[in-house]
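1. Sharing a model that was predicted from the sequence below.
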Amino acid sequence: MSVSTFSSPAPVSGVANPPGSFSAAIGWKQPLRFRRTKKPRVISCDYSCLEVRDVCYRPPGTQLNILNGVNFSLREKSFGLIFGKSGSGKTTLLQLLAGLNKPTSGSICIQRYEDDGQPKAVPELLPTEKVGIVFQFPERFFVADNVLDEITFGWPRQKGSLKLKEHLTSNLQRAFNWVGLDSIPLDKDPQLLSGGYKRRLALAIQLVQTPDLLILDEPLAGLDWKARADVAKLLKHLKKELTLLVVSHDLRELAALVDQSWRMETGGVLLAERPPV
Ligand SMILES: Nc1ncnc2c1ncn2[C@@H]1O[C@H](COP(=O)(O)OP(=O)(O)OP(=O)(O)O)[C@@H](O)[C@H]1O
């Protein structure tokens, strides 16, 4: 979905593992350092949009459409907000975007545009491996008894996957920097983190996979005012790196971040509307 305009940090082996580094924590013989590669910058003015067209969803075995002709478009590296009454179909839509269910009809695509707004080539189906999703109250799904195991849960365990692990570790370091988890000991029990830090950890787990689109269902729910402000600030920072689509009832805290917003009406109809704050 995004065009890479900057060279990314590349792992380099051959130096001692600094104590507390990810490489040391994982116990690798080939330690990692990070330096910027000298690839030239590519300046590109074209852009892409997530485009949802005429999406309907009816759960198998039922006669009722939860989503009815949903249409919207969200430009890359922007912040989209969906709000609306409980039970209107917001989470159902997020699940379709994340590839957890398939629309009954309609399409979910990425369309590239020229700088002048002309579509470039035909739209491509949204690749679900480039979509991350953080569910409501993600900390309830934490399974490990330390931060490192929680974030590396599901990583390849086979011996032959060193390259992939190096890649993931490089991403992990970047994700921890982005969400401000660098100061947290990797052996800390995730359940002992504050509410705001649990949310940061849940975000980092998704960011390791370098999604282009990150979907968040009620990211501020259940947090105190300080943690809500911290997470909102973090989302503002993340918007510079990837596209964010958020479902939330916390309109006041998020209004300043919003580039585009929609109200989900009862019956699964989505209407472009500013947050009523
Ligand atoms: N598999 C299913 N079968 C039948 N009904 C379903 C199914 N999944 C969701 N629903 C119903 O669809 C409606 C929309 O649910 P959804 O969770 O998407 O709403 P929501 O807008 O996200 O609500 P909330 O804000 O409370 O999270 C609800 O009435 C829900 O009970």
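-> Arrived safely.
2. need the contact list for residue 203.
-> 134, 175, 179, 214, 234, 238 (Cβ atoms under 8 Å, 6 or more residues apart in numbering). All C-beta spots, glycine's among them, are computed from the backbone N, C-alpha and C.
3. Contacts only, for the second one.
-> Residue 175 is in contact with 203-204, 207-208, counting by Cβ under 8 Å, 6+ apart.
4. in which helix or strand would I find the residue of the stretch 151-277 of the chain found nearest the ligand?
-> Scanning the stretch 151-277 of the chain for the residue nearest the ligand gives residue 264, at 6.0 Å (criterion: Cβ to the nearest ligand atom). Using DSSP states H and E, residue 264 sits in strand 260-265.
5. Tell me the confidence at residue 157?
-> pLDDT, residue 157: 71.
6. hmm, back to that, turn the contacts of residue 203 into CSV, columns for distance to residue 244 and secondary structure.
-> Output for the contacts of residue 203, formatted as CSV (distance: Cβ to Cβ, whole Å; DSSP: H, G, I helix; E, B strand; the rest coil):
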residue, distance to residue 244, secondary structure
134, 10, strand
175, 15, helix
179, 13, helix
214, 5, strand
234, 11, helix
238, 6, helix
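7. hmm, back to that, was I right about the residue of the stretch 151-277 of the chain closest to the ligand contacting residue 84?
-> Yes. Counting by Cβ atoms under 8 Å, residue 264 touches residue 84, with 3.4 Å between them.
8. shared neighbours of the two, anything?
-> Residues touching both residue 264 and residue 84 by Cβ under 8 Å, 6+ apart: residue 90.
9. neighbour-wise, which of these two wins?
-> Set residue 264 next to residue 84 and count neighbours by other Cβ atoms under 10 Å: residue 264 wins out with 24 against 20.
10. ok, now how distant is the more buried one from residue 247?
-> 8 Å (Cβ to Cβ, to the nearest Å).
11. which residues do those two both contact?
-> By Cβ under 8 Å, 6+ apart, the residues touching both residue 264 and residue 247 are 82-83, 90, 93.
12. contacts with the ligand among the residues you listed, please.
-> residue 90 (Cβ under 6 Å from any ligand atom).
13. Pick out the most distant pair among the shared contacts of residue 264 and residue 247.
-> Within the shared contacts of residue 264 and residue 247, 83 and 93 form the most distant pair, 12.2 Å apart (Cβ to Cβ).
14. Secondary structure element holding the residue nearest to residue 197 when sequence neighbours are not counted?
-> Of all residues not flanking residue 197 in the chain, residue 184 sits nearest, at 6.6 Å (Cβ to Cβ, 6 or more residues apart in numbering). Counting by DSSP H and E, residue 184 is held by no secondary-structure element, helix or strand.
15. Need the overlap of contacts for residue 83 and residue 93.
-> By Cβ under 8 Å, 6+ apart, the residues touching both residue 83 and residue 93 are 247, 264.
16. more neighbours, these two?
-> residue 93 (28 against 21).
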